[in-house]
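1. below: sequence and its predicted model.
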Amino acid sequence: MGFIEVDDLAYKLPGGRVLFDEVTFKVHAGQHAALVGANGVGKTTLLKILAGEEDAMRGSFRIDGRVLYMRQLIGSIDDKTTVRELLISLSSPRVQHAAAVLARAEEKMQSDGIRYANALAAWGDAGGYEAEVAWDVCTTQAFRQSMDAAGPRLVRELSGGEQKRLALEALLRSDAEVLLLDEPDNFLDITWKRWLERALNETTKTVLYVSHDRQLLADTSQAVITLEGHGSWTHAGSFATYHGARQSRLAKLDGEHKRWSEERERLVGIMKEFKRRAAINDGFASRAKAAETRLRRFDESKPPPELPKDQNIRMRLEGGRTARRALAVRDLAVPGIFDAFEAEIWFGERVGVIGPNGTGKSHFLRIVAGEDIEHTGGVVLGSRVVPGHFTQAHNHKSLVGRRVDEVLRSHGLDREKTMRTLRRYELSSAWDQEFETLSGGQQARLQILFLELEGATMLLLDEPTDNLDIASAEALEDALETFEGTVISVTHDRWFMRNFDRFVVFNEDGSVRLALEPELVPA
């Protein structure tokens, strides 16, 4: 069984800013440890370092056993990876090598049959056929297709939930001893989040994972590693007792800082007094010099860890008055995904869109947002309704390669207002970063900022809390509370769900229904 040891790791961003420093922790064999911290503090970067995809500025780490890493976003827009190729990449090195040999032999099968036969034999010897049986289970569990049917499909064509479920099935069934999971619960519906909770609790693998789902953290973590104050600290218990432990730690740190400051002030006072006496009487010169030495040694000693500052995120989603009927849905259907349904949504309502993955929830939002999605029937927006669309995967090709401050200036903000606005969203330190280098949570906050600047009166939010840290999610909830307008949000967040007036429920059989009470949300 594997373990993870990290000692004094530090990482510096390309622009020179230190992202984190003095990160030290251990994940014991078979332990399931959550990695938490504010958006942009370096959680994903740390996982990439442990997976060998990034280099640390300083420090070292050791992982005992074979390790597999699951990225936050599995299939990008331009990704050409097939389902079969993804599953091969998550297999043992022996299977990966045999698969590469077999692929090359298949290309020359007609001209070199012997080579192909040898490659097939090697594939069997490497355990390839057993792997294919396991892959068939993975694809069947993830999206109810056999491996023969699913193998050639592009990963990016799967829904976000299907991508995550497929990768998780493969990782948890693999021979890896250590798993590094970056937000494994993102895109999963409620049913599969509960499946993930059971799977994490049952696996004997060593797992280090990032998540912002408070319920999943409380139900699955055996230790909580926090990145904050440029360093790290570990709570040797579950997230259920984390808040109290953090408050106790902060109170202790505050006391240590006060005692450290008081001691330094005392040493400075002694030094000044002996210097004053030495100016009158040379006999005090040696004592003045000794006092200076004590102060210098005290300053060179390591002070208490930096006292982290709580985030102060202030989102201002103002909205505006619209027609009383904000949205009319008339016999809307997407063939093969969901059947025709009708609904009316009124100004000021908070409507949750829920249901299993792959049932068309995101399609519905995209149609309301005006995207060109094949459908029958239609939607009618009320007068003065200006939709603002928050996308689930943060896929903004137009933002790639552009700095954060440049994007805001294109919205008409001067430099002073740009920095003031970024400070409200706790993004001022990332002003000179390009969009794609931001963390998932920072990208999500920036998307919400765009909604603010664009003056939307109807917010179409597709899983807005998936990448947000706890402070950011609470800031969004506060902003929606005062937003003058209509909110329609796809969500699987069991905490966020409590804020809605009613629900549009997309079912696996293609039907769509309205649920007037939160209690009707399927368990």
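-> Cool, the structure landed. Note that the structure is predicted; figures quoted are calculated from it, not measured.

2. ok, now which ones touch residue 307?
-> By CB atoms under 8 Å, 6 or more residues apart in numbering, the residues touching residue 307 are 229, 250, 253, 254, 257. In this view, the C-beta of every residue, glycine as well, is placed from N, C-alpha and C.

3. what do you get for residue 197?
-> Residue 197 sits next to 216, 219, 220 when contact means CB under 8 Å, 6+ apart.

4. can you list which of those are found in helices?
-> Taking DSSP state H, the ones among the contacts of residue 197 that sit in helices are 216, 219, 220.

5. before we move on, back to that, are any of the contacts of residue 307 buried, and which?
-> Buried by 16 or more other CB atoms under 10 Å: 229, 253, out of those.

6. pick the one among the contacts of residue 307 closest to residue 369.
-> residue 229 (39.8 Å; CB to CB).

7. what's near enough to touch the closest one?
-> Listed by CB under 8 Å, 6+ apart, the contact set of residue 229 reads 305, 306, 307, 308.

8. dump those to JSON lines, plus pLDDT and secondary structure.
-> Rendered in JSON lines, the data for the contacts of residue 229 read as follows (pLDDT from 0 to 100; DSSP: H, G, I helix; E, B strand; the rest coil):
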{"residue": "305", "pLDDT": "77", "secondary structure": "coil"}
{"residue": "306", "pLDDT": "74", "secondary structure": "coil"}
{"residue": "307", "pLDDT": "74", "secondary structure": "coil"}
{"residue": "308", "pLDDT": "76", "secondary structure": "coil"}
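
9. ok, so of these, who is nearest residue 157?
-> residue 308 (41.7 Å).

10. my guess is that closest one contacts residue 227. True?
-> No - applying CB atoms under 8 Å as the test, residue 308 and residue 227 come out as separate, 9.6 Å apart.

11. between those two, which one's more packed in?
-> residue 227 (23 against 20; other CB atoms under 10 Å).

12. for the ones in helices among the contacts of residue 197, give me TSV that also has neighbour count.
-> Below are these laid out as TSV (neighbours: other CB atoms under 10 Å):
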residue	neighbour count
216	22
219	18
220	22
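
13. which one of those residues is nearest residue 512?
-> Closest to residue 512 out of those is residue 216 (27.3 Å), distances taken as CB to CB.

14. my guess is the closest one contacts residue 192. True?
-> No - in this structure, residue 216 is not within contact of residue 192 by CB under 8 Å, at 11.2 Å.

15. now the contacts of residue 229 as a markdown table including distance to residue 298?
-> Below are the contacts of residue 229 laid out as a markdown table (distance: CB to CB, whole Å):
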| residue | distance to residue 298 |
| --- | --- |
| 305 | 17 |
| 306 | 18 |
| 307 | 19 |
| 308 | 24 |
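
16. of these, which is the nearest to residue 142?
-> Taking CB to CB as the measure, residue 142 sits nearest to residue 308 out of the contacts of residue 229, at 38.7 Å.

17. any chance of the backbone angles for that closest one?
-> Recorded main-chain torsions at residue 308 are phi -70, psi 150, according to degrees, to the nearest 10.

18. do the one 5 residues further on as well
-> Residue 313 has phi and psi values of phi -90, psi 130 when expressed as degrees, to the nearest 10.

19. that one - how many residues pack around it?
-> Counted with other CB under 10 Å, the neighbours of residue 313 add up to 24.

20. ok, now the one 5 residues further on?
-> Residue 318 sits with 13 neighbouring residues when counted by other CB under 10 Å.

21. then residue 392?
-> Residue 392: 21 surrounding residues under other CB under 10 Å.

22. for the one 10 residues further on, same thing?
-> In terms of burial, residue 402 registers 14 neighbours under the definition other CB under 10 Å.

23. and the furthest pair within the contacts of residue 229?
-> Using CB to CB, the pair of those lying farthest apart is 305 and 308, separated by 8.7 Å.

24. and the longest helix anywhere in the chain, what's its mean pLDDT?
-> If you go by DSSP H, the chain has its longest helix at helix 242-280. The average pLDDT for helix 242-280 rounds to 89.

25. also stretch 34-47?
-> Rounded mean pLDDT across stretch 34-47 is 91.

26. can you name every helix or strand that the helix or strand hosting residue 351 contacts?
-> Element membership for residue 351, per DSSP states H and E: strand 350-354. Contact here means 3 or more CB pairs under 8 Å, 6 or more residues apart in numbering; DSSP states H and E; on that basis strand 350-354 packs against helix 361-368, strand 486-490, strand 502-506.

27. mind redoing it with 6 Å?
-> Secondary-structure packing of strand 350-354 (3 or more CB pairs under 6 Å, 6 or more residues apart in numbering; DSSP states H and E): strand 486-490, strand 502-506.

28. follow-up on the earlier one: mind putting the contacts of residue 307 in JSON lines, distance to residue 508 included?
-> JSON lines is the format used below for the contacts of residue 307 (distance: CB to CB, whole Å):
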{"residue": "229", "distance to residue 508": "46"}
{"residue": "250", "distance to residue 508": "46"}
{"residue": "253", "distance to residue 508": "50"}
{"residue": "254", "distance to residue 508": "52"}
{"residue": "257", "distance to residue 508": "55"}
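
29. from the contacts of residue 307, pick the one nearest residue 505.
-> Closest approach between these and residue 505, by CB to CB: residue 250, at 41.7 Å.

30. next, the closest residue to that closest one other than its chain neighbours: phi, psi?
-> In space, and not counting its chain neighbours, residue 250 is closest to residue 307: 7.1 Å by CB to CB, 6 or more residues apart in numbering. Here is the backbone geometry of residue 307 (degrees, to the nearest 10): phi -80, psi 110.

31. on that earlier part again, tell me which residues in the strand holding residue 351 are buried?
-> By 16+ other CB under 10 Å, the buried positions in strand 350-354 come out as 350, 351, 352, 353, 354.

32. hmm, which two among these are most spread apart?
-> Every pair of those checked by CB to CB; the farthest is 350 and 354, at 12.9 Å.

33. on that earlier part again, return the distance of the residue nearest to residue 250 relative to residue 256.
-> The spacing between residue 307 and residue 256, counted by CB to CB, to the nearest Å, is 9 Å.
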